[in-house]
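> Need coordinates for the following:
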Amino acid sequence: MAAKPAPPSPYPYYTEPFDLKDRPARFLKAFAAILQNTNYGPVLDAFARISLHCGRCAETCQVHQATNATPDNPCNRSNLLLKVYRRYFTMSGMLKARLGFGWNLSDADIDEMAEAYYRCTACRRCRTVCPVGIDHGLVTHIARWVLAEIGIVPKALVLAVREQLEGKSGNTSGIPAPALKDTLEFLEQEFVDNYGVKVPFPVDADGAEHVFFPAVSDYLLEPDVLMGVAGVMHASGGSWTIGTGYFDGINYGLFYSDRMLSRIVRKELAEVKRLHGKKILIGECGHASRVAREFGPIFGGGPTEAPPVVNIMEYTYDAFRRGALKLKKGVIPERTTYHDPCNIVRSGWIVEQPREILKHICADFVEMTPNRKDNYCCGGGSGTVSIDEMRAFRTGTQGLRKAKQIRETGATLVVSPCANCKKQIREVCEDNGLKNVRVVGLHDLVLKAIEFPESSRVKKEGPAPAGA
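Okay, the predicted model is just below:
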C-alpha cells in the first residue's frame, strides 16, 4: 500500500540567510557533538535497537488521527533520526556502509526531517501506549536540536530566545522593568477599584520564600490570572516576590536547542540567588513549569543545590486544603471544563489539584473525554503555537481533536492553566466555530471566589461630620 502524503504545514525554517552547502556533513558533525557532550547517546541507542511499528502510537496521535498520513505516524517520524543514528553512529551501520550496503544522508532527508519534526507537538501522548517505552517526543526534541545547529529552526522561536538572551528587556515580550512596575501598580489599583481590597505585588523583596516567574506575556494579556495569583498569595499569607532582574518563565529553548535552554534556566536560577529566595514559583505555564522542575537541578548544581520548584496550582490547592485560603462555593455558574497541559499532566505531576478547586468553586464542572494523563494536546505544543504562519495547520489539523473534545462537553468556559495553551485553544475555538466558548486561566476563576480577610478591605471615606 502506497504511503499517504501529509498535508503541508508551511512555515519559515531558516532564521536568516544561511549557507546551504554541505548540509549533510554539517548535520552529522552537529549530531556527533551532541552525542559526545550529552547523555542522549544511550537513549537513542536503546530506541534504535528496540524500535517497533505496531501502530499503537499512530492511533493515539491527534495529528495522525487528523491526517492519516504516513509521515505523521510517530514511529515513522522518529525513524528519520534513528536511521541516521544507526547508519553513522553504530559499528554495524558503519560496517554495512563500507561493504556497500548503506545509504548516505542527503539534503532531501534533512528537508523531510525539518518538516516532520515541526509537525509533532511533542505532547508524548504516544509514549503512554508504546509497549516498549519509546519516547517519540524526546526523539523530536533531539532532532530539532541537531537541525537548529545547522540553522534550520522557525524564526519565531529564535527571535523570542534572542530577545531573552541578547535583548535589552531580557524577556520574550520585550517588557522593560519600569513598564513591569507600572503594570503592577495598575493591577494593585484594579484590586481597590473592583474588589475593595488592597493587595500588593511585591517587587525585589529580599529573602522571600517564593520568587515568581509566570509566562511574561501574562503581564500584557492575562491581568486576571496575575490578580488571581496575587490574591491567593495575599489571602493565604504567602511570602513571594517578583524580581526586576529577570521575570520571564518562558523557555523556548526547550523546543529547539538545549544549548539555549540551559542559558535561560541559569538566568532564572541567578535571579532566585540574587534575591535570596527559597523556592521558584511558576505561574500558569506548562512548559515553564516542566523546564524549571526538570532542568533546574541539572544546571543548578543538583537536586540538593537547586531551589525547589512549585507551580502556582500546587500552592493554591495546598493553601485551600489546609484552610489558609477561603474560597466561595459554586460562584461560577457557567458550565466549565478543564484542559490538562501536556507538560504538567503527562508525567502525573499536577492532575487532581485544579480539579478539586474547580469542583468547589464551579456550579457545573464537566470533564473532557479523555482527560487527565490521556487528555489531548491543545494542538500548539512544542512551541508551534508561536509560529503564526502555520496557524491554519495548528487549528485545522493539530487542534482538530481538541475542538471536538470541547464541543462534546457543552462547556462555555474552558480552563487552561498555560499561556501557550490559552492562545492555541482560543484560536482553535475561533477557527472551528466554537464562538460561545471563553478560554480562561484557573486563577481567573479563583479570583472571583477568594474570601479576602477583613484586614485587606479598603475603608471608604464617608462625608465629613457636620461642623467639621
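> low pLDDT regions in the stretch 201-350 of the chain?
Along the stretch 201-350 of the chain, segments meeting pLDDT under 70 are nowhere present.
> Now do the helices for it: every range, in order, please.
Counting by DSSP state H, counting those that start in this stretch, the segments of the stretch 201-350 of the chain that form helices are 218-221, 223-235, 258-274, 286-299, 312-321, 342-345.
> Among the ones you listed, which comes closest to residue 103?
Of all the helices of the stretch 201-350 of the chain, it is helix 258-274 that lies closest to residue 103, at 27.9 Å by CB to CB. In short, each C-beta sits where N, CA and C put it, glycine included.
> so that closest one versus helix 286-299, what angle?
80 degrees (axes from the mean of the first three to the mean of the last three CA atoms, to 10 degrees).
> my guess is residue 332 contacts residue 357, does it?
No. With contacts counted by CB atoms under 8 Å, residue 332 stays clear of residue 357, the gap being 10.7 Å.
> neighbour-wise, which of those two wins?
Neighbours per residue, other CB atoms under 10 Å: of residue 332 and residue 357, the larger number sits with residue 357, 25 against 22.
> So which elements touch the helix or strand hosting the more buried one?
Using DSSP states H and E, the secondary-structure element containing residue 357 is helix 353-361. Using 3 or more CB pairs under 8 Å, 6 or more residues apart in numbering; DSSP states H and E as the contact test, the elements touching helix 353-361 are helix 312-321, strand 332-338, strand 362-366, helix 442-449.
> in that helix, what's buried?
When neighbours are counted by 16 or more other CB atoms under 10 Å, the buried residues of helix 353-361 are found to be 353, 354, 355, 357, 358, 360, 361.
> can you check stretch 433-452 too?
The neighbour-count check on stretch 433-452 (16+ other CB under 10 Å) flags 434, 437, 439-450, 452 as buried.
> Throw the buried residues of helix 353-361 into TSV and include distance to residue 27, thanks.
Putting these into TSV (distance: CB to CB, whole Å) gives the following:
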residue	distance to residue 27
353	43
354	42
355	45
357	47
358	47
360	53
361	52
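> Strands of the stretch 101-250 of the chain, start to end?
210-213, 240-241 (DSSP state E, counting those that start in this stretch).
> tell me the angle of the helix holding residue 357 relative to strand 332-338?
Between the direction of helix 353-361 and that of strand 332-338, the angle (the same axes, to 10 degrees) works out to 160 degrees.
> Give me the residues contacting helix 353-361.
Where contact means CB atoms under 8 Å, 6 or more residues apart in numbering, the residues beyond helix 353-361 that reach it are 313-314, 316-317, 320-321, 327-332, 336, 338, 365, 415, 417, 442, 445-446, 448-449.
> Then stretch 403-410?
Everything outside stretch 403-410 that qualifies as a contact, by CB under 8 Å, 6+ apart, is 335, 337, 366-369, 375-376, 395, 414, 425, 428-429, 432, 434, 437.
> Out of those, who's the most crowded?
In the contacts of stretch 403-410, the most neighbours by other CB under 10 Å go to residue 428, 29 neighbours.
> where's that one relative to residue 407, distance?
Residue 428 sits at a distance of 10 Å from residue 407 (criterion: CB to CB, to the nearest Å).
> anything in contact with each of those two?
Counting by CB under 8 Å, 6+ apart, the residues touching both residue 428 and residue 407 are residue 434.
> ok, the closest residue in space to residue 350 that isn't next to it in sequence to residue 293 distance?
The shortest distance from residue 350 to any residue other than its chain neighbours is 4.6 Å, reached at residue 344 (CB to CB, 6 or more residues apart in numbering). Between residue 344 and residue 293 the distance, using CB to CB, works out to 9 Å.
> How far off centre is stretch 138-154?
Between the centre of stretch 138-154 and the centre of its host chain there is 18 Å, according to CA atoms, centre = their mean, to the nearest Å.
> Equivalent analysis for stretch 112-120, please.
For stretch 112-120 - counting by CA atoms, centre = their mean - the centre lies 19 Å from the chain centre.
> what about that stretch, start to end distance?
Distances were taken as CA to CA, to the nearest Å; on that basis the terminal residues of stretch 112-120 are 13 Å apart.
> for that stretch, which positions count as buried?
With burial defined by 16+ other CB under 10 Å, the residues of stretch 112-120 counted as buried are 113, 114, 115, 116, 117, 118, 119, 120.
> can you tell me which two in the residues you listed are farthest apart?
Within the buried residues of stretch 112-120, 114 and 120 form the most distant pair, 11.9 Å apart (CB to CB).
> wait, doesn't residue 377 sit right on residue 61?
No. Assessed by CB under 8 Å, residue 377 is found out of contact with residue 61, at 9.5 Å.
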